[in-house]
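> Take this sequence and fold it.
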Amino acid sequence: MNRTPPSDPSQVALRTLLAQVRAYIEYQQSSGVEAFPRTTGSVFPVAVSPVAGSGHAVPVQASASQAAPSPGTPQSAPPHTATHVAPVATDLFVLPGVQQAGTLGALREEIGDCRRCKLWSGRTHIVFGVGNPQARLMFVGEGPGRDEDLQAEPFVGRAGQLLTEIITKGMKMRREDVYIANVIKCRPPQNRNPEPDEIAACQPFLLRQIELIRPQVLVALGTFAAQTLLGSRVPISRLRGHWYDYHGVKLMPTLHPAYLLRNPNDKKLVWADIKMVLSELER
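Numbering: from 1, shown residues only. Sure, this is the predicted structure:
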């Protein structure tokens, strides 16, 4: 039985675009910019592409040379390779250096002492990401907590220790062989949920990280990671356990390790998701 898309792709694209515009303008204003020159540009049309065999449909971006399909036109999933990661509409508001960064190190340098959103004033460190820059498996979480903010490394607190156990004991892999990052790079005050403008300001960096790493599989940890990557408002309880396409990369949403610390009985659900990830990696 076919499932409906996680949400209306056009509405998701519009919300993301508006949030990115707001974050971009606030950043420019904080830098002393008072006016913007009139420029022209194009926004890539949004299409919906199902994952073969999954019954799910997720928003993907059509390239500039690829016209949006007419309603009812059959579509096939992009080839299973991260080289088909498509540009997104919010790239129009990204500083050129982000897209020009050819390595993770260059991207981190481009981020600099980031003040593109209001989170900068309360952070100790920017938490960029850690792991193998050529990893086949990449985990994406929500944002840094207190321990991560102090150590400038994602998933080093209690939830991070559980994630490490999942990787090392469950998957029989080394933590340094995967790559771990977050949707946002700075800790929100009192670990509150990220706000739309904060997600929008950081999203180009995460997208570029994924493009540079080109993982075979993405694992979205928790609600905000899954909803941000999929452009969806569907609860993680409904998203988890199913494969989605993320610009040619297979994406598996699952529960966040912090949730498992509060609800240990649901570890079996995450293990079911992880077994699907292992099967995919073995192909």
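
> quick one: secondary structure of the nearest residue to residue 124 once chain neighbours are set aside?
Distances taken as Cβ to Cβ, 6 or more residues apart in numbering place residue 149 nearest to residue 124, at 4.8 Å, with adjacent residues excluded. Where C-beta positions appear, they are placed from N, C-alpha and C, glycine not excepted. Assigned by DSSP: H, G, I helix; E, B strand; the rest coil, the conformation of residue 149 is helix.

> Quick check: residue 149 touching residue 120?
No - with contact defined as Cβ atoms under 8 Å, residue 149 does not reach residue 120; the gap is 12.0 Å.

> who touches both of these two?
Contact criterion Cβ atoms under 8 Å, 6 or more residues apart in numbering; residues bridging residue 149 and residue 120 by contacting each: residue 186.

> In terms of packing, which of the two has more residues around it?
Ranked by neighbour count (other Cβ atoms under 10 Å), residue 149 and residue 120 place residue 149 first, with 22 against 15.

> dump the residue contacts of that one.
123-125, 127, 186-187.

> with those residues in mind, which one is nearest to residue 168?
Among the contacts of residue 149, residue 127 lies closest to residue 168 (Cβ to Cβ), at 21.0 Å.

> Tell me the secondary structure at the closest residue to the closest one other than its chain neighbours.
Nearest residue to residue 127, sequence neighbours excluded (Cβ to Cβ, 6+ apart): residue 144, at 4.1 Å. Of the three states, residue 144 takes coil under three-state DSSP.

> OK, contacts around residue 144?
Residue 144 touches 123, 127, 154, 182, 184-187, counting by Cβ under 8 Å, 6+ apart.

> ok, now residue 199?
Neighbour list for residue 199: 19, 183-184, 224, 228 [criterion: Cβ under 8 Å, 6+ apart].

> can you check residue 174 too?
Contacts of residue 174 (Cβ under 8 Å, 6+ apart): 167-168.

> how does it look with 10 Å?
131-132, 164, 167-168 (Cβ atoms under 10 Å, 6 or more residues apart in numbering).
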